[in-house]
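Peer 1: have a look at this prediction, sequence included:
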There are 2 protein chains.
Amino acid sequence: MSRQAPTLEDVAREAGVSRATVSRVVNGVRNVDPAIQELVRQAIERTGYAPNRAARSLVTRRAETVALVVSGAGDTSDEAQAAFAARVFADPFFGRVVAGIVGRLRPRSVHPVLMFAESAAARHEVVTYLRQGRADGALVVSSHADDPLPALLAGARLPAVLFARPVRPVPLSYVDLAHRDGGRLAAEHLLARGCRRPATICGPLAVAASQERLAGFRDALARRGLPYVPVAEGGFTLDSGCAAMTDLLAEHPDVDGVFAANDLMARGACQVLWEHGRRVPEDVAVVGFDDSTAAVTGRPHLTTVRQPVEDMAAEMARLLDEHIHGIRTEPTSIVFDPELVVRDSS
Amino acid sequence: MSRQAPTLEDVAREAGVSRATVSRVVNGVRNVDPAIQELVRQAIERTGYAPNRAARSLVTRRAETVALVVSGAGDTSDEAQAAFAARVFADPFFGRVVAGIVGRLRPRSVHPVLMFAESAAARHEVVTYLRQGRADGALVVSSHADDPLPALLAGARLPAVLFARPVRPVPLSYVDLAHRDGGRLAAEHLLARGCRRPATICGPLAVAASQERLAGFRDALARRGLPYVPVAEGGFTLDSGCAAMTDLLAEHPDVDGVFAANDLMARGACQVLWEHGRRVPEDVAVVGFDDSTAAVTGRPHLTTVRQPVEDMAAEMARLLDEHIHGIRTEPTSIVFDPELVVRDSS
DNA sequence: CGCACGCCGGAGAGCGCTCTATCCGCGCAG
DNA sequence: CTGCGCGGATAGAGCGCTCTCCGGCGTGCG
C-alpha cells in the first residue's frame, strides 16, 4: 500500500474527539452522545478507517479466530501431506463439516484457519500456533482413532473441541453420533422390509464409529433371531464398497439386504449389484449411512441413516466458543441421534 | 490459561540478557555470540516461550497469513451460504486446490484462512478482513464468471491472485489453463481412436473455461472435416452428466465418442451409456477433463485431459507471496498446459 | 442553595514485540 | 598513550489499540 492506513488517532483528529471516544463508538461500548457518534461515524467514513486487528488482539489477548484442524495419526512425509489434504476433501463428509462450522462462525465474523496435522511436526505446529495466540482455540476432526493431537492440546490447556469421542479419554469436549443406534435403525428397517439374509459392509474397524455401527446392526439382528451376519470390511471409499460387495456376493449369492457404513460404499454396492444383475431395491435392499451428497447423486437415491454433520459441526463451534469465553469450563459431550431417511434403494 | 504466558522480557531476565538480544536469536538475525545464543535458547526452553504474534504483527505490519477465498457471484442469502460451502467441497476440484496451496504454504508455516464470498456482505467482509491486516493477501477461486470480488480487491490495492482469468480485465495476477488446447487434445484423441460421430457434454456456458474447452474441441473437429458436433450442456455434476448423456443418446443413438468437460460428468455419461447397453470404450469412447479423483474412482478408469490443479494452486501461492513482499509488482498471468491421460474409457 | 451522584469524554498507561540509535569494550594504528 | 573502528549488546521509542481512571458538568434531593 502506498500511504499509511488511517489509525484511530487520525479518525479522532478528523472528528475532533479523543481516541478513546472513537474506540468506544467502533466497539459500540458505553453511552456515547448520539451526535458525537454520528460525527465519529462520518469521520470513519471519510478516512476509510479499518481497525488494526493486531493492535486490538495485543490488548484483548484474543485473535477472534479458530483453527480448523484435520488431523491424522502417525508421521506422514511432507509429500504425502498434500495427498492427505486431497483425500480429506474427496469425502463429502468433510465439506459438510466445513459448512456447519462456517455457518455458525460467519455471523460472528470469524473465519477458520485451515490446518492439517498428520505428522508430529505438523501437530507441534498446531500447538505452537495456538500458543502464539494466532487462534483462540481448535476444532479438531481426526481421521484416525489414535490421533495424538487431542492429548497434546489438552496438555497445553488450549481450548479445543473434537468431532467424535477420542479412544483414550482426554479432558476435551466433543460431539458425536449414537452410531450404535444408527446401526440398529438400519437393521430394523431391513427387517421390516422383509429381508431375511442381510449382510453388511462395515467401515475400517480401526475407527470406533465403524465398530459401533456394526455392533448396533448385529445386536438388532441378533435380537430378532439372526445371529450370523456376513460382514465385509471397507475403507469408506467407493472402490472399497465395490470390492466388499463383490466379495459378499461371491460368498453369499442369496443376500437380500445390505447395510453399508457410509453412502459412498453403498453407492459402490449398488453398482456391483446392478452389474451382477440384481435389482435394487427389488432383489437386494441397500441402506447407506451419513445422508451425504453421495446419497442423492446418481441412481437410485439411497435410503440412509442420517448423521446431522452440519448440526454437529455447528455445535462444535458453539462449544468452543463457550470454552474460549470461559462460559463453559468443564469438558462436555453432546451426542446426536441418527435418523433413518427412506428413499429408493430399499 | 491460568498463568500468564511468558514474554520476551521473561526470557531475557532468565537468560540475563536484554529483550533485544532474545528477539535477535528468536528471529535468527545479525551476529549474536554463539555462547549467548545457547544461553537464550535454553532460557526459551525453560520458560516455554512462544512469541506473541499480535505484538509482532503490530510492528512488522504483516500477518503471515493469507486468505483462501471461494467466491461466487450474486447475493446469496445466509442460509444458502452453508449450502454453497458444501457444494464447493463436493467437487473434488476444490480439494486439489487446497492441497496445492497448503503444499506450498506449509513449509513457510503459513496457514490459509478459509472464507466464502457469495454475497455482497461476505465480499465486503473479505476486503475488510484484509484491510484490517488480518491476512496479507488473498487467493481467490471464483465459481462464477462475473464475480465482483477481484475488482473490489484490485480497487482496494490489496494483494490477490486469481484462479482463472476474470472475464472483465482486472489488474491482478492469475493462473489459468489452456482450456482450448485441452478440448483439442480430446478431439484429436477421439479421432485417432477412430471415432466418426463424436459428441460433447460441455460445462455451463456461463463459465469461460467451458466455452474454451468446447471451442477447442469443435475447432479441432472442424479442421478434420467434422463441422457439426452434437452438444449437451451440463453443470459439472454427476447428475447433470447423466441427464446430458441421456439427451445425447436420444437424439444421436449412433454416437461413438463423448468428450465431457469434467470427470464427474464423464462418469455420469459412462453410467448412462452402460445402462443403455453401450460398452465403454468398445461402443463409445469417453474422455473426461481434469484428471480428478473421480477419474480413477469407479470403473472404467477415465481417459481424461489433465489439469494440473495442484501445481496451479501452488503457483498462485507463489505469486501471491511475491506480490506481498513487493518482489513482483506488475500483474502476471501463468497459463498451464493440459495433458492427455489415456486410461480405460477410450 | 449546597452537595452527592450519574453520565460522558479525555488522558495516559500499557499490551509484547521490533528496530534504530547508542554505548561499551577491545584491539590496533598513529 | 590516545583515538578510532568495529563487533556485539542494550536502551528505549514506538506500532495501534483498549481500558481504567479521572474530571467536568448537569441534575435531583435534602
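Peer 2: Structure received. Residues are numbered from 1 along each chain as shown, chains lettered A, B, ... in the order given.
Peer 1: list the buried residues of the host helix or strand of residue A:81.
Peer 2: Assigned by DSSP states H and E, residue A:81 belongs to helix A:78-90. The neighbour-count check on helix A:78-90 (16 or more other Cβ atoms under 10 Å in any protein chain shown) flags A:81, A:82, A:84, A:85, A:86, A:87, A:88, A:89, A:90 as buried. Where you see a C-beta, it was placed from the backbone N, CA and C, and this is true even at glycine.
Peer 1: quickly check: the least confident helix or strand in chain A by mean pLDDT near chain B or not.
Peer 2: Every helix and strand of chain A was ranked by mean pLDDT, DSSP states H and E. The lowest is helix A:78-90, at a mean of 77. Yes - counting by Cβ under 8 Å from any Cβ of the partner chain, chain B is contacted by helix A:78-90 at A:78, A:81, A:82, A:83, A:85, A:86, A:87, A:88, A:89, A:90.
Peer 1: any chance of these in a markdown table, plus distance to DNA strand C?
Peer 2: Formatted as a markdown table, the residues of helix A:78-90 next to chain B follow (distance: Cβ to the nearest atom of the strand, whole Å):
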| residue | distance to DNA strand C |
| --- | --- |
| A:78 | 26 |
| A:81 | 27 |
| A:82 | 29 |
| A:83 | 34 |
| A:85 | 29 |
| A:86 | 34 |
| A:87 | 36 |
| A:88 | 33 |
| A:89 | 34 |
| A:90 | 39 |
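Peer 1: the helix or strand harbouring residue A:313: how far from the chain's middle?
Peer 2: Secondary structure from DSSP H and E places residue A:313 in helix A:309-324. Centroid displacement of helix A:309-324 relative to its chain, using Cα atoms, centre = their mean, to the nearest Å, is 10 Å.
Peer 1: that one - what's its average pLDDT?
Peer 2: For helix A:309-324, mean pLDDT is 97.
Peer 1: of the buried residues of helix A:78-90, closest to chain B?
Peer 2: Nearest to chain B out of those is residue A:89 (Cβ to the nearest Cβ; 2.7 Å).
Peer 1: in chain A, which spans are strands?
Peer 2: A:66-71, A:113-117, A:137-142, A:160-163, A:173-177, A:198-202, A:231-233, A:257-260, A:285-290, A:303-306, A:333-336, A:339-341 (DSSP state E).
Peer 1: poorly predicted segments of the stretch 1-150 of chain A, please.
Peer 2: Low-confidence segments of the stretch 1-150 of chain A, defined by pLDDT under 70: A:1-3, A:77-79.
Peer 1: how about the residues of it near DNA strand D?
Peer 2: Residues of the stretch 1-150 of chain A lying near DNA strand D by Cβ under 7 Å from any atom of the strand: A:4-5, A:7-9, A:19-20, A:23, A:26-27, A:29, A:49, A:51-52, A:55-56, A:58-60.
Peer 1: quick one, which of those are buried?
Peer 2: Buried among these (16+ other Cβ under 10 Å): A:5, A:7, A:8, A:23, A:26, A:49, A:51, A:52, A:55, A:56, A:58.
Peer 1: which one is the last one nearest to, not counting chain neighbours?
Peer 2: Leaving aside its chain neighbours, residue A:58 sits nearest to residue B:54 (4.3 Å; criterion: Cβ to Cβ, 6 or more residues apart in numbering or on different chains).
Peer 1: who's in contact with the one you found?
Peer 2: A:53, A:54, A:55, A:57, A:58, A:63, A:133 (Cβ atoms under 8 Å, 6 or more residues apart in numbering or on different chains).
Peer 1: how about a cut-off of 7 Å?
Peer 2: A:54, A:57, A:58, A:133 (Cβ atoms under 7 Å, 6 or more residues apart in numbering or on different chains).
Peer 1: what separation is there between the residue nearest the centre of chain A and residue A:164?
Peer 2: Central residue of chain A (Cα atoms, centre = their mean): residue A:97, 3.4 Å from the mean position. In this view, residue A:97 and residue A:164 are 11 Å apart by Cβ to Cβ, to the nearest Å.
Peer 1: against chain B, how distant is the residue of the stretch 201-346 of chain A found nearest DNA strand D?
Peer 2: Per Cβ to the nearest atom of the strand, residue A:325 is where the stretch 201-346 of chain A lies closest to DNA strand D, at 12.6 Å. With distances taken as Cβ to the nearest Cβ, to the nearest Å, residue A:325 is found 13 Å from chain B.
Peer 1: do residue A:312 as well
Peer 2: 13 Å.
Peer 1: residues near that residue, how many?
Peer 2: Residues contacting residue A:312 under the criterion other Cβ atoms under 10 Å in any protein chain shown number 22.
Peer 1: now it. Nearest residue, chain neighbours left out?
Peer 2: residue A:175 (4.7 Å).
Peer 1: now do the contacts for the residue nearest to residue A:247 when sequence neighbours are not counted.
Peer 2: Spatially, and ignoring its direct neighbours in sequence, residue A:247 is nearest to residue A:232 (5.0 Å; Cβ to Cβ, 6+ apart). Residue A:232 is in contact with A:201, A:244, A:247, A:248, counting by Cβ under 7 Å, 6+ apart.
Peer 1: partners of the first one in the sheet?
Peer 2: With beta bridges defined as DSSP bridges, residue A:201 has these partners: residue A:232, residue A:260.
Peer 1: ok, residue A:256 touching residue A:193?
Peer 2: No - counting by Cβ atoms under 7 Å, residue A:256 does not reach residue A:193; the two are 9.1 Å apart.
Peer 1: comparing those two, which residue is more hemmed in?
Peer 2: More crowded of residue A:256 and residue A:193, by other Cβ under 10 Å: residue A:256, with 19 against 16.
Peer 1: which residues touch that one?
Peer 2: A:195, A:196, A:197, A:284, A:285.
Peer 1: now do residue A:253, the pLDDT please.
Peer 2: Predicted confidence (pLDDT) for residue A:253: 96.
Peer 1: and for it, the neighbour number?
Peer 2: With other Cβ under 10 Å as criterion, residue A:253 counts 10.
Peer 1: quick one: the closest residue to residue A:274 other than its chain neighbours from DNA strand C, how far?
Peer 2: Nearest residue to residue A:274, sequence neighbours excluded (Cβ to Cβ, 6+ apart): residue A:280, at 6.7 Å. Residue A:280 sits 61 Å away from DNA strand C, taking Cβ to the nearest atom of the strand, to the nearest Å as the criterion.
Peer 1: so what pLDDT did residue A:280 get?
Peer 2: Looking at residue A:280, the pLDDT reads 94.
Peer 1: on that earlier part again, isn't the residue nearest to the centre of chain A up against residue A:311?
Peer 2: No - at 11.0 Å, residue A:97 does not count as touching residue A:311 under the criterion of Cβ under 7 Å.
Peer 1: circling back to that earlier point, wait, which of the contacts of residue A:232 is closest to chain B?
Peer 2: Of all the contacts of residue A:232, chain B sits closest to residue A:244, with 14.3 Å by Cβ to the nearest Cβ.
Peer 1: for the closest one, give me its contacts.
Peer 2: A:201, A:232, A:233, A:234, A:265.
Peer 1: measure it to residue B:333 for me?
Peer 2: Here residue A:244 is placed at a distance of 47 Å from residue B:333 (Cβ to Cβ).
Peer 1: quick one: residue A:125 and residue B:64, what's the gap?
Peer 2: To residue B:64, residue A:125 is 13 Å away according to Cβ to Cβ.
Peer 1: re the thing from before, what is the most widely separated pair among the buried ones among the residues of the stretch 1-150 of chain A next to DNA strand D?
Peer 2: Largest separation among these by Cβ to Cβ: A:49 and A:58, giving 18.1 Å.
Peer 1: list phi and psi for the closest residue to residue A:210 other than its chain neighbours.
Peer 2: Spatial nearest neighbour of residue A:210, excluding adjacent residues (Cβ to Cβ, 6+ apart): residue A:203 at 3.2 Å. Per-residue torsions, residue A:203: phi -80, psi -180 (degrees, to the nearest 10).
Peer 1: so who does residue A:203 touch?
Peer 2: Under the criterion of Cβ under 7 Å, 6+ apart, the neighbours of residue A:203 are A:209, A:210, A:213, A:234, A:236, A:261, A:262.
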